[in-house]
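K.L.:
structure for the following, please:
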Amino acid sequence: MKNLPMFRPWRWLVASACLLPSLCAPPPPVTKENIPDLLAPIGKFNDVCGLKGFGDIRLTINGQRAKAKFDVVWQGDSNFTLNIYSPFGGLLVSISADSTGAWTITSGDSCYKKQPGEHVALGEASIDYPFSYVEFLHAVIGRFPDRIITQKRPDSLFIERKNAFLLWQGDSSVAGRFAVTAIINRKHSAVTDVIYREAGQAPWELTFSSFGGGGAKEIRFNDSHSNYFYVTYERIVVLKSGPACRGGKV
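P.N.:
Numbering: from 1, shown residues only. Presented below is the predicted three-dimensional model:
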């Protein structure tokens, strides 16, 4: 029988000491100077102009709650289809856009035509979301309503324990007077959430989380009228990217 190697405590101590700097190192600094680098990964989502995905969607409409499966195929604002299914697999609602810019909402035997700038409605029931159809499309596929956080530096920055909070304030065609907050995990130097808030007469909040692949995989909206949707993607596949995409970018 071969002799077993002798246990040498000093080797274990040396190895442990070598790990301590990496375990005890402070989080990387977050400053206004390196913010563009921290936001660069989510800025790349703007270059994606085609994807398909599926997951779950939860809705509250006029006090009525619903949970359903959905799938989506998108390739530019003029080539988009969102299908929502019942728990038994039947098609409940289909929302699509075509090259003419018109939107078609099909629910059962009913079919409705909408223009991109109209506010979102399902059939004859107004959901009263503060979004046009194009803005709703942007949110559902994990895109920001506008590009404010990738086009200008934040107005303020503050740090609280493991997170850094970047804040933008101003005017937006989407939200009027608005505030946008990006939350950055300092340990991983990664954006974890982007939150749009409107605090006027009809306050609402739109949150993007779980970034990766083609964009945000969790999108949550709620307002003061109990309108609510929560989209969670199980899978997102980027179809194409770059300026040559048919249909253009968001």
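K.L.:
what's the neighbour count on V73?
P.N.:
18 (other CB atoms under 10 Å). Yep, even glycine has a C-beta here, placed from its N, CA and C like the rest.
K.L.:
quick check: closest non-adjacent residue to it.
P.N.:
In space, V73 comes closest to K52 once its chain neighbours are excluded; the distance is 4.6 Å by CB to CB, 6 or more residues apart in numbering.
K.L.:
with H119 instead?
P.N.:
With CB to CB, 6+ apart as the measure, S132 is the residue that lies nearest to H119, at 6.3 Å, once sequence neighbours are left out.
K.L.:
how close does that neighbour sit to I184?
P.N.:
In this structure, S132 and I184 are separated by 30 Å, where distance is defined by CB to CB, to the nearest Å.
K.L.:
which one of the two has more residues nearby?
P.N.:
More neighbours surround I184 than the other of S132 and I184, with 24 against 20 (other CB under 10 Å).
K.L.:
that one: what's it in contact with?
P.N.:
Contacts here follow CB atoms under 8 Å, 6 or more residues apart in numbering; on that basis I184 touches 30, 38, 163-166, 190-192.
K.L.:
please repeat the previous calculation with a cut-off of 10 Å.
P.N.:
When contacts are counted by CB atoms under 10 Å, 6 or more residues apart in numbering, I184 is found next to 27-28, 30, 35, 38-39, 157, 159, 162-166, 190-193.
K.L.:
beta partners of it?
P.N.:
On the basis of DSSP bridges, I184 is bridged to A164, V191.
K.L.:
hmm, back to that, pull out the buried residues from the contacts of I184.
P.N.:
Neighbour counting by 16 or more other CB atoms under 10 Å classes 27, 30, 35, 38-39, 157, 163-166, 191, 193 among the contacts of I184 as buried.
K.L.:
ok, those vs T104, which is closest?
P.N.:
Of all the buried ones among the contacts of I184, T104 sits closest to D193, with 33.1 Å by CB to CB.
K.L.:
and what about the closest one, helix, strand or coil?
P.N.:
Counting by DSSP: H, G, I helix; E, B strand; the rest coil, the backbone at D193 sits in strand.
K.L.:
number of nearby residues for the nearest residue to it once chain neighbours are set aside?
P.N.:
In space, and not counting its chain neighbours, D193 is closest to I183: 4.4 Å by CB to CB, 6+ apart. Residue crowding around I183 was assessed by other CB under 10 Å; the count is 17.
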